[in-house]
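1. Just the structure for this:
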Amino acid sequence: MDSVRTPDSETAEPGDTPAPAAAASLGTKVRSAARWSLINTVVMRLGTFATGIVLARFALGPAEWGVYGIAQTVLLVLLSANELGVGLAIVRWEGDARRFAPTVLTLSVLSSGLLYVALFAAAPTVAGLLGSPDAAGVLRVMCLCVVIDGIAQVPANFLTREFAQGKRMIIDALNFLVSTSVTLLLAFAGWGAMSFAVGAVAGNVVTLVGCALAAPGTLRFGWDPEQARALLRFGLPLAGASMLALAVVNVDTMVVGATLGNVALGFYVLAFNISGWPVRIISEAVRRVSFAGFSRLAESPQALAQGFSRALGVVVTATVPLCVLLAGLAGPAIELIYGGHWTPAAAALPWLMALGLIRIGSELAYDCLVAIGQRRSLFVVQGVWLVALIPVLLVGARMNGIVGASQAHVLVGGGVVVPVFLYALSRGGVGVGLIARACAWPFLGGAVMAAIILGLERPFGDGPLALLALSTIALAGYTLCVLPSRDFLRGVGGGDRPQRGRHRSTAPVGPPNRT
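-> Predicted coordinates for the structure are as follows:
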């Protein structure tokens with residue numbers, strides 16, 4: 001395990017803090033952070049959802065959404081590497097993080113600044129290659145977030161290290177209020193896709209200021225060559241794996257934009273955003289504490305395996321019903337929420353919901369593999385995913401438009417990536433049996449839900465009250481199916497009872513992108 005030796009770590013004695021007390025303290029911190037993170041994510045995503053409805057119905061059309069999709073894709077890829085992965089050392093490394101934080105900040109700001117300069121110069125070329133020449137200006141403005149994020153990495157990761165998700169909720173709420181207000185004002189003033197870019201920059205400035213105030217004294221520049229070398233050895237593999245992961249998720253936007261044009265891309269982006277609701281609400285809340293929680297368990301393979309399987313069980317149990325509902329009721333839901341002119345997006349949504357479920361599991365597995373130092377495995381997994389995906393996406397998009405691109409995602413994700421992730425996890429001590437146990441009941445419940453929706457959709461119709469009644473019946477069927485797994489999810493299953501106290505206190509509870 002990578003670590004930084006400090007006077008504190010060198011003089012501390014193992015007996016200074018009893019293991020049960022330390023485990024109890026960790027469990028309490030994780031549970032509290034998970035609650036705050038989930039509340040934060042749900043509230044923010046509901047707000048984002050409402051804002052998207054307003055913009056799609058009254059201000060922006062598919063072409064503008066297509067330009068925004070291109071800019072957002074480029075931004076996410078740059079964010080994956082903007083601080084070279086060194087920011088995670090604040091969360092992961094042992095000892096006093098403030099001793100090496102100045103070097104982290106210097107590296108982060110230098111790398112993010114260079115990335116932005118390169119993007120500014122290449123923006124017209126990038127936009128043209130992606131089939132959206134009009135996106136160059138939006139790219140240049142939106143990607144200012146790369147520089148802001150590079151500065152904010154150190155204080156933000158200090159909050160993550162300390163499980164301070166209550167403070168993050170306040171910061172994220174202020175970010176949302178400012179960015180949404182700016183975006184809406186500019187959109188209705190006729191700024192088109194540029195309204196997203198300016199709103200994103202304004203919100204990120206608020207996040208930077210908020211994190212700096214919540215973690216005082218962390219924005220100090222400094223340089224230690226030995227620390228810098230150690231940080232780069234730690235961070236570069238993670239940055240590379242993260243860039244590959246985001247390329248996997250966003251290469252479809254590039255392919256659809258270049259192959260089918262802005263209007264089709266706009267429909268695809270809307271469907272992809274809808275499919276991301278469960279990912280963002282559940283997975284984002286999880287990932288704000290999962291990496292820190294798994295890192296604390298990395299030295300105990302048994303505790304890590306139990307913690308990961310329970311975390312996966314909670315995440316999948318919470319996600320499956322959302323995915324099935326959105327997939328089964330795609331057409332009526334999009335027409336009801338966004339309006340009839342967006343219904344072409346419904347054809348791609350069922351496939352993208354299946355992809356959303358794969359993404360949630362893979363993101364949790366990604367955090368687990370990082371925590372146990374399996375960085376080479378991450379490169380292999382993400383590399384295989386990307387290499388397999390690009391040609392299949394191109395063929396799918398050309399043969400069947402946005403539906404073909406969605407089907408390509410699912411084909412590669414389920415047929416290639418999931419088995420590779422399972423193999424990598426098994427090498428890290430997380431067996432396939434534990435993963436199957438975590439997913440069995442939710443998948444059964446999802447199948448029952450799908451059968452209920454398919455059987456009752458035509459008799460019920462597609463009015464608002466009919467959709468509500470159908471959703472209620474389907475959710476009731478799902479709940480009955482997953483009830484047998486409740487003890488496992490709570491950490492009191494039959495096999496766990498002899499060590500019940502330990503697992504309940506150490507597992508990354510309920511476990512709980514970049515966006």
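2. rest of the way, CA atoms for contacts and neighbours
-> Noted.
3. Tell me where the stretch 151-300 of the chain has strands.
-> Assigned by DSSP state E, counting those that start in this stretch, the stretch 151-300 of the chain shows no strands.
4. pLDDT weak spots in this structure?
-> Along the chain, segments meeting pLDDT under 70 span 1-42, 45, 80-81, 83-85, 92, 94, 283-292, 375, 491-515.
5. could you measure residue 70 against residue 256, distance?
-> Applying C-alpha to C-alpha, to the nearest Å, the value for residue 70 to residue 256 is 10 Å.
6. Then residue 308?
-> According to C-alpha to C-alpha, residue 308 and residue 256 sit 35 Å apart.
7. which one of these two has more residues nearby?
-> Applying other C-alpha atoms under 10 Å to residue 308 and residue 256 shows that residue 308 carries more neighbours, namely 30 against 27.
8. The more buried one and residue 368 touch, don't they?
-> Yes - counting by C-alpha atoms under 8 Å, residue 308 touches residue 368, with 7.3 Å between them.
9. Name the residues contacting each of these two.
-> residue 294 (C-alpha atoms under 8 Å, 6 or more residues apart in numbering).
10. Report the contact partners of residue 189.
-> Neighbour list for residue 189: empty [criterion: C-alpha under 8 Å, 6+ apart].
11. same question, residue 340
-> Contacts for residue 340 (C-alpha under 8 Å, 6+ apart) come out as residue 334.
12. Helix, strand, or coil at residue 462?
-> Recorded secondary structure, residue 462: coil (DSSP: H, G, I helix; E, B strand; the rest coil).
13. May I ask you to confirm that it is in contact with residue 332?
-> Yes - assessed by C-alpha under 8 Å, residue 462 is found in contact with residue 332 at 5.9 Å.
14. For stretch 174-187, buried residues please.
-> Judged by neighbour count using 16 or more other C-alpha atoms under 10 Å, the buried positions of stretch 174-187 are 174, 175, 176, 178, 179, 180, 181, 182, 183, 184, 186, 187.
15. Out of those, which comes closest to residue 277?
-> residue 176 (16.3 Å; C-alpha to C-alpha).
16. How much space separates the residue nearest to the closest one when sequence neighbours are not counted from residue 73?
-> Counting by C-alpha to C-alpha, 6 or more residues apart in numbering, residue 203 is the residue found nearest to residue 176 once chain neighbours are left out, at 6.5 Å. Distance from residue 203 to residue 73, counting by C-alpha to C-alpha: 18 Å.
17. repeat for residue 344
-> With the distance defined as C-alpha to C-alpha, residue 344 ends up 22 Å from residue 73.
18. When these two are compared, which one has more neighbours?
-> Shown here are residue 344 and residue 73; by other C-alpha under 10 Å, residue 73 has more neighbours (21 against 18).
19. quick one, what contacts that one?
-> Counting by C-alpha under 8 Å, 6+ apart, residue 73 touches 250, 253, 254.
20. Repeat the analysis, applying 7 Å as the threshold.
-> Going by C-alpha atoms under 7 Å, 6 or more residues apart in numbering, residue 73 touches residue 250.
21. buried set for the helix or strand where residue 412 lies?
-> Using DSSP states H and E, residue 412 sits within helix 375-412. Using 16+ other C-alpha under 10 Å as the test for burial, helix 375-412 gives 375, 377-379, 381-386, 388-390, 392-394, 396-397, 401-412.
22. any idea how far residue 115 is from residue 247?
-> Per C-alpha to C-alpha, residue 115 is found 16 Å from residue 247.
23. Of the two, which one has the most company?
-> Ranked by neighbour count (other C-alpha under 10 Å), residue 115 and residue 247 place residue 247 first, with 23 against 19.
24. How about the contacts made by that one?
-> By C-alpha under 7 Å, 6+ apart, the residues touching residue 247 are residue 77.
25. Roughly how far does it sit from residue 188?
-> 32 Å.
26. do the same with residue 468
-> With C-alpha to C-alpha as the criterion, residue 468 and residue 188 are 32 Å apart.
27. Can you report how many residues neighbour residue 343?
-> Neighbours of residue 343 under the rule other C-alpha under 10 Å: 18.
28. now do residue 51
-> Residue 51 - counted by other C-alpha under 10 Å - has 15 other residues nearby.
29. With the one 3 residues further on instead?
-> With neighbours defined by other C-alpha under 10 Å, the count for residue 54 comes to 15.
30. For it, which three-state class applies?
-> Here residue 54 is helix, with the state taken from three-state DSSP.
31. Report how many residues lie close to the nearest residue to residue 318 once chain neighbours are set aside.
-> Spatial nearest neighbour of residue 318, excluding adjacent residues (C-alpha to C-alpha, 6+ apart): residue 282 at 7.4 Å. Using other C-alpha under 10 Å, residue 282 has 23 neighbouring residues.
32. now do residue 345
-> Around residue 345 there are 24 residues (other C-alpha under 10 Å).
33. Equivalent analysis for residue 414, please.
-> Using other C-alpha under 10 Å: residue 414 sits among 14 other residues.
34. before we move on, what about residue 229?
-> Residue 229 has 11 neighbours, counted by other C-alpha under 10 Å.
35. can you check residue 366 too?
-> 25.
36. Same check on residue 243?
-> By other C-alpha under 10 Å, 23 other residues sit near residue 243.
37. do the same with the one 3 residues further on
-> Neighbour count of residue 246, defined by other C-alpha under 10 Å: 21.
38. list the contacts for it?
-> Residue 246 touches 76, 77, counting by C-alpha under 7 Å, 6+ apart.
39. separation between it and residue 183?
-> Here the criterion is C-alpha to C-alpha. By it, residue 246 lies 25 Å from residue 183.
40. related to what we said a few turns ago, I'd like to know which of the buried residues of stretch 174-187 are part of helices.
-> Among the buried residues of stretch 174-187, the residues falling in helices (DSSP state H) are 174, 175, 176, 178, 179, 180, 181, 182, 183, 184, 186, 187.
41. Residue 223 touches residue 103, doesn't it?
-> Yes - judged on C-alpha atoms under 7 Å, residue 223 makes contact with residue 103 at a distance of 4.7 Å.
42. out of these two, which sits in the more crowded spot?
-> residue 103 (22 against 15).
43. Now the more buried one: which helix or strand?
-> Applying DSSP H and E as the criterion places residue 103 in helix 101-129.
44. Quick check: next helix or strand after that helix?
-> helix 136-142.
45. And for that next one, what's in contact with it?
-> The contact list for helix 136-142 (C-alpha under 7 Å, 6+ apart) reads 71, 120, 123, 124, 127, 194, 197, 198, 200, 201.
46. same thing with stretch 367-385?
-> So stretch 367-385 is contacted by 1, 237-238, 241, 244-245, 248, 290-291, 294-295, 298, 417, 420-421, 424 (C-alpha under 7 Å, 6+ apart).
47. how far does that stretch stretch from start to finish?
-> Using C-alpha to C-alpha, the end-to-end distance of stretch 367-385 comes out at 17 Å.
48. coming back round to it: tell me which of the ones in helices among the buried residues of stretch 174-187 is nearest to residue 233?
-> Checking those against residue 233 with C-alpha to C-alpha, the nearest one is residue 175 at 32.8 Å.
49. That closest one touches residue 208, doesn't it?
-> No - counting by C-alpha under 7 Å, residue 175 stays clear of residue 208, with 9.4 Å between them.
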